[in-house]
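# prediction below, plus the sequence it came from.
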Amino acid sequence: MKRDIIKISDYFVTITGDNVWMTYWEIANLFNVVPISVSRAIKRMFKEGVLPEFEHSRYIRLPNGNHAYVYSLDVVTAMSFRFSTHYSVIFRKWLMDKAKEQHPPVFISFRTKDVYGC
């Protein structure tokens, strides 16, 4: 399975491609947290039903011959809101900037005339 990862360096977020799947220790390294914290947070998130595990988790063979679970971009995004580190803040800001680029603001005008007979 070809997979891409996210890297943060000097306030810049880079994604190596469109197919982001990362191991829990890669996510921990990305946000500069202890790997066991990420592992527990992911397990808790799946147990609580925040994201369905069968869609966002895969068991793959790594290039070094070992096997590991990898997690989707949705899980990485959720973990960025779970931890409050310098790198998670950079990722969240980058994520919000990307969302603003893709979806310009929408303005909704409500007409109140004749709603209450006024």
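Thanks, I have it.

# any idea how far residue 54 is from residue 87?
29 Å (Cβ to Cβ, to the nearest Å). The way it works is simple: take the backbone N, C-alpha and C, and place the C-beta from them, glycine included.

# the more surrounded of those two?
residue 87 (18 against 8; other Cβ atoms under 10 Å).

# the closest residue to residue 61 other than its chain neighbours: neighbour count?
Leaving aside its sequence neighbours, residue 61 sits nearest to residue 67 (Cβ to Cβ, 6 or more residues apart in numbering; 5.4 Å). By the criterion of other Cβ under 10 Å, residue 67 has 8 neighbours.

# for the closest residue in space to residue 68 that isn't next to it in sequence, give its distance to residue 60.
Leaving aside its sequence neighbours, residue 68 sits nearest to residue 23 (Cβ to Cβ, 6+ apart; 5.0 Å). Residue 23 sits 9 Å away from residue 60, going by Cβ to Cβ.

# for the residue most central in space within the chain, which non-adjacent residue is spatially closest?
For the chain, the residue nearest the mean C-alpha position is residue 77 (1.4 Å; Cα atoms, centre = their mean). Excluding the flanking residues, the one nearest residue 77 by Cβ to Cβ, 6+ apart is residue 95, at 6.5 Å.

# and the host helix or strand of the one you found, what does it pack against?
Here residue 95, judged by DSSP states H and E, is contained in helix 86-102. For helix 86-102, the packing partners by 3 or more Cβ pairs under 8 Å, 6 or more residues apart in numbering; DSSP states H and E come out as strand 6-9, strand 12-15, helix 24-31, helix 73-82.
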